[in-house]
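Participant: when you get a sec, could you give me coordinates for this:
(chains A and B)
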Amino acid sequence: MKESLLEFISTPLFLITLTVGSYLAAKSLYERVKTGFLHPLIVSSAIVIVFLLSTGIDYEVYYEANSVINFMLGMSIVSLGYLLYVNLEHIRGRHWSILISVTAGCITGVISVIALSEAFGLAREIAASVQPKSVTMPIAVALSENSGGILSLTSLAVVVTGVFGSMVGPWLLRMLNVTDPVARGLALGTASHAVGTARAVELGAVEGAVGGAAIGIMGIMTAIVIPIVEKLLY
Amino acid sequence: MKGIFIILCAYVAGEVLSRLIAGFIPGSVLGMMLLLAALSLRAVKPEQVKGVSEFMFRNMLLFFVPVCVGLMVSYKAIGRHLPAILFIIVLTTMLVLAVVGILQQRGGRK
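Facilitator: Have a look, this model is predicted:
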């Protein structure tokens, strides 16, 4: 009896239901409390981890069972092309300055992560996992995989970057006298992807739209910059 | 269903392209650029992919849960480095915010 139960909870049917259920529970909790550190991704992963540890199911079994969900990740990256298309309307006429600002931010981010990781004596796979942290999650994970990073660390770094940037971003920009709505939205979207853009939307409609465009541009730029930087450095 | 097919086609084309350039850029990211190009060139109408795309963004976080759960295995490799990693994230995120904000403020004015 006990064995057949363990077998049942190891099936894709059960484990996919577990993933979706934990996600929905975490999302409704987040909508009630709205605290950055109770981010739905952190809470839902914690629920699944506790379940797997207490039932003794291996991570590999869980991951294999959820391969359908993993496949959707790739599709969600492709569909970002639509989001970028819609948001590009808002930056017509300023596209060159925006492209330059985002590229500079991207190079700064990647190189500073690599330099600091070296300074702390961290393994290369850690730097590879953290360097795409400002990029929207699906692209960050794909880039980390390409550079030999630890995917779960990348997803954690992306969440922390989003939450932290959206908390300190508006304050930091005010301290630096950055008052232009386009510049503020662009900085938030470039540094802290969708979470930063959600904060930019609260600052104003222009900030939000530019932030949305920044997510896609940053994703593309980082996908180009990382392999070039790696070729030059290693 | 047609929307899903268009997204899948862009994904397939992106993957093929990625293989041609030896995986330099992931296929899904190239697929995103191809979809953007197809929309800009009016080869694909925005309404055709709107439904699927919006469904995808609204529920995007769900797709990361299986990857994120991997922390239960990878914490051994990163556990003791976590303070350094968090410090790096905090510092470099502020750097990126500052660089982009200041450059755009100076250069963006017409």
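Participant: can you verify my assumption that B:Phe57 contacts A:Val86?
Facilitator: No: if you go by CB atoms under 8 Å, B:Phe57 and A:Val86 don't touch, sitting 10.8 Å apart. Heads up, the C-betas are built off the backbone N, CA and C, glycines and all.
Participant: excluding chain neighbours, what is closest to the residue nearest the centre of chain A?
Facilitator: In chain A, the centroid-proximal residue (CA atoms, centre = their mean) is A:Met137; its distance is 2.7 Å. Excluding its sequence neighbours, the residue lying closest to A:Met137 (CB to CB, 6 or more residues apart in numbering or on different chains) is A:Val158, at 5.0 Å.
Participant: please enumerate the helices of chain B.
Facilitator: With DSSP state H, the ranges of helices along chain B come out as B:2-20, B:27-40, B:46-58, B:65-68, B:71-78, B:82-107.
Participant: shaky segments in chain A?
Facilitator: Scanning chain A with the threshold set as pLDDT under 70 gives A:1, A:36.
Participant: tell me which strands and helices the top helix by length along chain A is in contact with?
Facilitator: Looking across chain A with DSSP H, the single longest helix is helix A:205-233. Judged by 3 or more CB pairs under 8 Å, 6 or more residues apart in numbering or on different chains; DSSP states H and E, the packing partners of helix A:205-233 are helix A:67-88, helix A:95-119, helix A:137-146, helix A:181-203, helix B:27-40.
Participant: is the last one up against chain A anywhere?
Facilitator: Yes: contact between helix B:27-40 and chain A is present through B:Gly27, B:Ser28, B:Val29, B:Gly31, B:Met32, B:Met33, B:Leu34, B:Leu35, B:Leu36, B:Ala38, B:Leu39, B:Ser40 (criterion: CB under 8 Å from any CB of the partner chain).
Participant: what residues does the last one make contact with?
Facilitator: In this case it means B:Ser40. Neighbour list for B:Ser40: A:Tyr85 [criterion: CB atoms under 8 Å, 6 or more residues apart in numbering or on different chains].
Participant: can you check the pLDDT for it?
Facilitator: Looking at B:Ser40, its pLDDT is 92.
Participant: now do the third one
Facilitator: B:Val29 carries a pLDDT score of 84 in this model.
Participant: residues in contact with it?
Facilitator: B:Val29 neighbours (CB under 8 Å, 6+ apart): A:Ile77, A:Ile139, A:Ala142, A:Leu143, A:Gly219, A:Ile220, A:Ala223, B:Gly14.
Participant: residue 70: what's it in contact with?
Facilitator: All of this refers to chain A. A:Tyr63, B:Phe63, B:Pro66, B:Val67.
Participant: nope, chain B
Facilitator: A:Tyr59, A:Tyr63, A:Ile150, A:Leu151, A:Ser152.
Participant: 6 Å instead, please
Facilitator: A:Leu151, A:Ser152 (CB atoms under 6 Å, 6 or more residues apart in numbering or on different chains).
Participant: give me the phi and psi for it.
Facilitator: phi -60, psi -10 (degrees, to the nearest 10).
Participant: likewise A:Gly149?
Facilitator: Dihedral angles of A:Gly149 (phi, psi; degrees, to the nearest 10) stand at phi -90, psi 180.
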